[in-house]
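Colleague: Pasting the sequence and the predicted model now:
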Amino acid sequence: SRTYPTQEWSLHSFDIGRPLGKGKFGRVYMVRTKTTPKYILALKTLYKSELVANKVEKQTRREIEIQQNLRHPHILRLYGFFHDEKRIFLMLEFAGKGELYKQLSKVGSFSEKRSARYIDQMADALIYLHGKHVIHRDIKPENLLLGINGELKIGDFGWSVHAPGLRRMTLCGTLDYLPPEMVEGKEHNEKVDYWALGVLTYEFMIGAPPFEDRGSVNNTYRRIARVDLKFPSTISAEAKDLISKLLQYDPRQRLPLTDVLRHPWIVKYRPKGN
Ligand SMILES: O=C(O)Cn1ncc2ncnc(NCCc3cnc(NC(=O)Nc4cccc(Cl)c4)s3)c21
């Protein structure tokens with residue numbers, strides 16, 4: 001393949017636009033390259049001191065190495081990175097419609113049709129990821145973005161690893177998406193993303209994750225370990241069927257992603273012509 005001249009990138013390569021969001025480790029800015037043709041990107045700044053303080057510098061390196069080699073329409077591109085003495089800068093594909101979780105919290109929950117289309121795109125991206133033996137491990141609405149045409153983009157590979165992995169729960173994000181095997185600290189494989197896909201499907205349609213207990217972390221753990229799954233009556237039988245087949249305690253019982261793509265609930269809402 002053609003080898004591009006490794007352009008030396010720096011902050012001076014860009015006109016800085018509006019801030020897009022405030023992540024945990026730094027801000028994200030919309031930027032435009034000064035080169036012609038001009039490209040619009042999202043520039044994520046990560047403060048080295050913060051990465052060291054949170055012991056995630058190794059993860060950041062791993063994320064950069066993993067995400068730079070991924071090319072998929074539903075995975076946010078990481079074009080490259082550069083750093084100065086204080087910060088690391090990630091040059092990311094700009095997601096024109098921003099953060100999915102903001103839309104979800106604005107409307108409360110998505111229709112079955114909108115949810116099914118997102119899950120169809122997620123399954124496609126995860127098949128690609130797992131094909132490269134990468135597990136995302138942090139599938140949740142906060143890590144999903146929307147492209148300019150409303151298409152889903154998985155971002156933030158800050159927790160992805162090459163399968164299989166064993167993760168200590170250092171950076172405790174939300175536990176709601178953790179599968180039983182991770183709650184129990186066992187070894188895990190890409191099937192953790194199958195479980196998270198089931199949790200995501202549930203949260204898209206109901207507006208809250210299935211095992212959430214806002215009052216107690218321990219009770220959330222318990223509900224996950226028991227797969228204490230309840231559906232409101234508003235959910236269609238086909239949606240319940242898919243979610244139940246993904247939220248299986250035994251990772252080996254979880255519905256393979258290729259069968260997710262063929263599931264009646266997904267096929268029913270797939271746009272005609274693809
Ligand atoms: O989301 C927003 O704030 C707003 N927004 N709106 C549009 C838009 N278009 C693109 N990107 C955006 N945001 C950046 C998304 C990320 C992708 N990849 C990341 N990687 C990361 O954070 N890695 C990381 C950090 C700290 C520690 C470790 Cl271990 C890993 S963040 C956009």
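Modeller: Ah, there it is. In this text, all values refer to a predicted model and were calculated from it rather than measured experimentally.

Colleague: Please count neighbours and contacts with C-alpha atoms only from this point.
Modeller: OK.

Colleague: Which residues of the protein lie near the ligand?
Modeller: 20-23, 25, 28, 42, 44, 56, 59-60, 92-96, 98-99, 155-158 (CA under 6 Å from any ligand atom).

Colleague: Filter those down to just the ones in strands.
Modeller: Cross-referencing these against strands under DSSP state E gives 20-22, 28, 42, 44, 92-93.

Colleague: Buried subset of those residues, written for ChimeraX?
Modeller: In ChimeraX, a selection of the buried entries from these looks like this (16 or more other CA atoms under 10 Å):
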select :20,28,42,44,92,93
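
Colleague: need the next SSE after the worst-scoring helix or strand of the chain on mean pLDDT, C-terminal direction.
Modeller: Least confident helix or strand, the chain: strand 161-162 with a mean of 66, by mean pLDDT, DSSP states H and E. For strand 161-162, the following helix or strand on the C-terminal side (DSSP states H and E) is helix 180-183.

Colleague: What mean pLDDT does that following helix get?
Modeller: Summarised as a single mean, pLDDT over helix 180-183 is 91.

Colleague: Mind giving me the packing neighbours of it?
Modeller: helix 217-225 (3 or more CA pairs under 8 Å, 6 or more residues apart in numbering; DSSP states H and E).

Colleague: what comes into contact with the following helix or strand past the helix it packs on?
Modeller: Using DSSP H and E, the helix or strand that follows helix 217-225 in sequence is helix 237-246. With CA atoms under 8 Å, 6 or more residues apart in numbering as the test, helix 237-246 has contacts from 112, 194-195, 197-199, 201-202, 231, 253-255, 260, 263-265.

Colleague: Next, the residue of the chain positioned farthest from its centre: secondary structure please.
Modeller: Largest separation from the mean C-alpha position in the chain: residue 36, at 31.8 Å (CA atoms, centre = their mean). Three-state assignment for residue 36 (DSSP: H, G, I helix; E, B strand; the rest coil): coil.

Colleague: if I look at it, how far off is the ligand?
Modeller: 21 Å (CA to the nearest ligand atom, to the nearest Å).

Colleague: Repeat that for residue 249.
Modeller: On the measure of CA to the nearest ligand atom, residue 249 and the ligand end up 28 Å apart.

Colleague: Wasn't that residue part of a strand?
Modeller: No: under three-state DSSP, residue 249 sits outside any strand and is assigned coil.

Colleague: What's the local residue count around it?
Modeller: The local packing of residue 249 (other CA atoms under 10 Å) involves 17 other residues.

Colleague: How about the backbone phi and psi for it?
Modeller: phi -60, psi -50 (degrees, to the nearest 10).

Colleague: my read: it touches residue 180, true?
Modeller: Yes: here residue 249 lies in contact with residue 180, judged by CA atoms under 8 Å, at a distance of 6.4 Å.

Colleague: Identify the contacts common to these two.
Modeller: Common neighbours of residue 249 and residue 180 (CA under 8 Å, 6+ apart) are residue 225.

Colleague: so how far is the ligand from the residue lying closest to residue 35 once chain neighbours are set aside?
Modeller: Distance criterion CA to CA, 6 or more residues apart in numbering; nearest residue to residue 35, sequence neighbours excluded, is residue 13 at 7.5 Å. Here residue 13 is placed at a distance of 18 Å from the ligand (CA to the nearest ligand atom).

Colleague: OK, contacts around residue 13?
Modeller: 33-35.

Colleague: Against residue 58, how distant is it?
Modeller: Residue 13 sits 27 Å away from residue 58 when distances are taken as CA to CA, to the nearest Å.

Colleague: Next: residue 135.
Modeller: Distance from residue 135 to residue 58, by CA to CA: 16 Å.

Colleague: Could you check which of those two is surrounded by more residues?
Modeller: Neighbour totals were compared for residue 135 and residue 58, and residue 135 leads with 25 against 12 (other CA under 10 Å).
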